[in-house]
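Q: sequence unknown, structure follows:
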């Protein structure tokens with residue numbers, strides 16, 4: 001015990017000693033910073049006491065940050081001249097060839113300066129301070145002329161107006177193929193509108209008005225034609241403005257973290273652009289809402305009635321089966337739970353759980369786009385004498401906008417779809433060669449089946465190269481190139 005106590009005592013004493021050294025060094029540094037410079041004293045032979053050593057010339061320059069004002073002070077302290085009226089002031093000290101000392105010689109006559117110096121035994125310094133006046137520059141105020149709101153509105157309309165097709169497409173010099181530039185053009189239009197809105201207060205007011213919402217809606221609809229990030233836009237919250245929707249298309253990255261800077265597609269149901277991890281933190285699934293912690297003050301139906309939600313489908317490796325997960329926004333469910341907790345009457349609970357009002361037609365962008373594509377396809381079909389068929393898979397995908405393939409959306413236009421439907425009509429109703437080829441395949445497959453028995457699929461592959469006859473017919477139709485210049489149903493019969 002004694003050695004341990006002695007060691008502990010030595011350790012504590014060492015700590016106190018180090019602490020006192022640290023405090024002393026800190027006090028020393030502080031005193032050095034605050035200490036004034038020492039005035040050095042010199043002894044003159046003629047005088048009886050010590051005198052302060054005086055500098056002959058001191059020059060100080062002060063410059064501001066903008067370098068607009070400059071001040072220079074020059075102090076000249078010549079030696080005290082002897083008490084004699086015959087000695088001129090110019091011979092008291094050899095002057096240097098500077099402007100300051102020339103002015104000093106001019107301002108000291110021989111008689112007056114010497115008379116002043118004989119008045120006392122002390123040295124009276126003759127100090128002349130020359131200070132240059134600061135250069136003052138007047139600030140030029142930016143006089144900006146405000147344009148009327150109508151002029152800015154015309155400029156915004158000019159940004160989003162329709163242009164010729166030649167400006168939206170270009171030709172590759174090497175391959176000669178047609179390159180679609182619509183995505184770049186429409187993206188830059190949105191960037192221009194946001195830049196205009198952030199220029200000044202007037203443009204911010206103009207672009208935030210109802211007129212600005214119409215401009216943003218027009219630019220957003222144009223960009224929807226060439227972007228797959230707008231799929232599901234009709235599920236967006238009804239209070240979401242068009243400029244807010246366009247904002248998601250002009251940027252990248254998760255809104256809550258920096259770990260995923262390339263997140264591109266937003267979640268239109270909740271009106272956010274988040275990565276998978278952040279979206280999982282801000283949402284709650286239906287299985288979790290059935291827990292007792294959530295259903296203590298309200299039932300599952302009351303908590304979720306009328307709230308926006310989306311469905312996520314996946315595959316469970318553990319159960320080896322598909323599953324569907326319904327997600328709700330966590331904060332919305334919490335707010336609903338707090339309101340139901342303080343509700344006192346059934347009518348009040350029913351009012352809280354009431355579904356939201358139906359969305360207006362102007363907010364249903366995909367619905368309007370489908371109607372627009374359907375009308376354009378019907379117009380093209382009328383020109384070639386065809387009609388819209390309900391069993392046409394291509395026309396159905398075109399009207400829906402090819403939701404799972406942006407490349408197909410860019411490839412197929414209303415004119416190309418109508419032309420393809422006309423080709424299919426010609427092959428299946430008017431082309432005898434095509435019909436004879438298909439009938440020959442069927443006849444050969446049936447003969448092989450009658451001769452060899454079972455194994456129908458193998459015979460189809462030996463004859464057509466496909467395991468299904470339907471796939472073989474579709475491939476033949478896709479590779480068929482012998483079409484007439486004028487469709488036979490448009491030719492008027494000769495009378």
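A: Alright, I've got the coordinates. Nothing here was measured: the structure is a model prediction, and the numbers come from that model.

Q: Could you list the low-pLDDT ranges of this protein?
A: For the chain, the stretches with pLDDT under 70 are 1-5, 21-145, 164-166, 359-363, 365, 404, 406, 454-457, 492-495.

Q: ranges for the strands of it?
A: Applying DSSP state E to the chain gives strands spanning 41-43, 50-52, 57-63, 70-76, 130-131, 169-171, 178-180, 283-285, 309-316, 321-329.

Q: I'd like to know which elements the longest one is packed against.
A: Think strand 321-329. strand 283-285, helix 286-289, strand 309-316 (3 or more Cβ pairs under 8 Å, 6 or more residues apart in numbering; DSSP states H and E). For the C-beta atoms, the positions are set from N, CA and C on the backbone; glycine is no exception.

Q: Run me through the strand neighbours of that strand, direction for each.
A: strand 283-285 (antiparallel), strand 309-316 (antiparallel) (DSSP bridges).

Q: Next, count neighbours for residue 411.
A: Using other Cβ atoms under 10 Å, the number of residues around residue 411 comes to 11.

Q: From residue 403, how far off is it?
A: Distance, residue 411 to residue 403, by Cβ to Cβ, to the nearest Å: 15 Å.

Q: Let me see the contact set for residue 491.
A: Applying Cβ atoms under 8 Å, 6 or more residues apart in numbering to residue 491 gives no contacts.

Q: just residue 356 next, same as before
A: Counted by Cβ under 8 Å, 6+ apart, residue 356 has contacts 238, 306.

Q: What of residue 211?
A: Contacts of residue 211 (Cβ under 8 Å, 6+ apart): 153, 156.

Q: Could you do residue 241 as well?
A: Neighbouring residues of residue 241 by Cβ under 8 Å, 6+ apart: 213, 216.

Q: before we move on, what about residue 408?
A: Taking Cβ under 8 Å, 6+ apart as the test, what residue 408 contacts is 397, 402.

Q: Could you measure from it over to residue 417?
A: In terms of Cβ to Cβ, residue 408 sits 11 Å off from residue 417.

Q: Assess the claim that residue 400 and residue 367 are in contact.
A: No - if you go by Cβ atoms under 8 Å, residue 400 and residue 367 don't touch, sitting 11.2 Å apart.

Q: and for the two, which residues touch both?
A: With Cβ under 8 Å, 6+ apart, residue 400 and residue 367 have no common neighbours.

Q: buried residues in stretch 407-423?
A: 409, 412, 414, 417-418, 420-423 (16 or more other Cβ atoms under 10 Å).

Q: Need the distance between the two termini of it.
A: By Cα to Cα, to the nearest Å, the extent of stretch 407-423 from end to end equals 22 Å.

Q: Tally up the residues packed near the closest residue to residue 246 other than its chain neighbours, please.
A: Nearest residue to residue 246, sequence neighbours excluded (Cβ to Cβ, 6 or more residues apart in numbering): residue 220, at 4.8 Å. Number of residues near residue 220 (other Cβ under 10 Å) recorded here: 24.

Q: Tell me who's in contact with residue 220.
A: Per Cβ under 8 Å, 6+ apart, neighbours of residue 220: 190, 230, 242, 245-246, 249, 365.

Q: can I assume residue 313 is in contact with residue 321?
A: No - between residue 313 and residue 321 there is no contact under Cβ under 8 Å: 11.6 Å.

Q: Correct me if wrong: residue 386 contacts residue 419.
A: No - Residue 386 lies out of contact with residue 419 (Cβ under 8 Å); the separation is 9.6 Å.

Q: can you pull the contacts of residue 146?
A: When contacts are counted by Cβ under 8 Å, 6+ apart, residue 146 touches residue 202.

Q: swap in residue 172?
A: Counted by Cβ under 8 Å, 6+ apart, residue 172 has contacts 178-179.

Q: Not counting its neighbours along the chain, what's nearest residue 169?
A: In space, residue 169 is closest to residue 178, 5.4 Å off (Cβ to Cβ, 6+ apart).

Q: can you count the residues close to the one you found?
A: Using other Cβ under 10 Å, the number of residues around residue 178 comes to 10.

Q: so what's it up against?
A: Residue 178 neighbours (Cβ under 8 Å, 6+ apart): 169-172.

Q: What of residue 254?
A: 260-261, 263, 273-275, 278.

Q: on that earlier part again, so of the contacts of residue 220, which ones are in helices?
A: Counting by DSSP state H, the part of these found in helices is 190, 242, 245-246, 249, 365.

Q: Now the two most distant members of those residues.
A: In those, two members sit farther apart than any others by Cβ to Cβ. They are 190 and 365, at 14.9 Å.

Q: between those two, which one's more packed in?
A: Shown here are residue 190 and residue 365; by other Cβ under 10 Å, residue 190 has more neighbours (21 against 18).

Q: How much space separates the more buried one from residue 283?
A: In terms of Cβ to Cβ, residue 190 sits 28 Å off from residue 283.

Q: Repeat that for residue 348.
A: In terms of Cβ to Cβ, residue 348 sits 27 Å off from residue 283.

Q: Between the two, which has more neighbouring residues?
A: Neighbours were tallied for residue 348 and for residue 283 using other Cβ under 10 Å; the higher tally belongs to residue 283 (25 against 13).

Q: Report the beta-bridge partners for that one.
A: With DSSP bridges as the criterion, residue 283 is bridged to residue 329.

Q: in terms of contact, does it touch residue 325 like I think?
A: No - using Cβ under 8 Å as the test, residue 283 is too far from residue 325 to be in contact (9.7 Å).

Q: Quick check: neighbours shared by those two?
A: With Cβ under 8 Å, 6+ apart as the test, residue 283 and residue 325 reach no residue in common.

Q: for residue 331, what are its contacts?
A: residue 282.

Q: residue contacts, residue 237?
A: Contacts here follow Cβ under 8 Å, 6+ apart; on that basis residue 237 touches 270-271, 308.

Q: Among those residues, which one has the most neighbours?
A: residue 270 (21 neighbours).

Q: how much space between the spatially closest residue to it that is not a sequence neighbour and residue 314?
A: Excluding the flanking residues, the one nearest residue 270 by Cβ to Cβ, 6+ apart is residue 329, at 5.4 Å. From residue 329 across to residue 314, the span is 20 Å (Cβ to Cβ).

Q: of those two, who's got more company?
A: residue 329 (21 against 9).

Q: residues touching the more buried one, list them.
A: Applying Cβ under 8 Å, 6+ apart, the residues near residue 329 are 270, 282-284, 307-308.

Q: Turn those into TSV, including distance to residue 437.
A: Formatted as TSV, these follow (distance: Cβ to Cβ, whole Å):
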residue	distance to residue 437
270	54
282	59
283	55
284	59
307	57
308	53
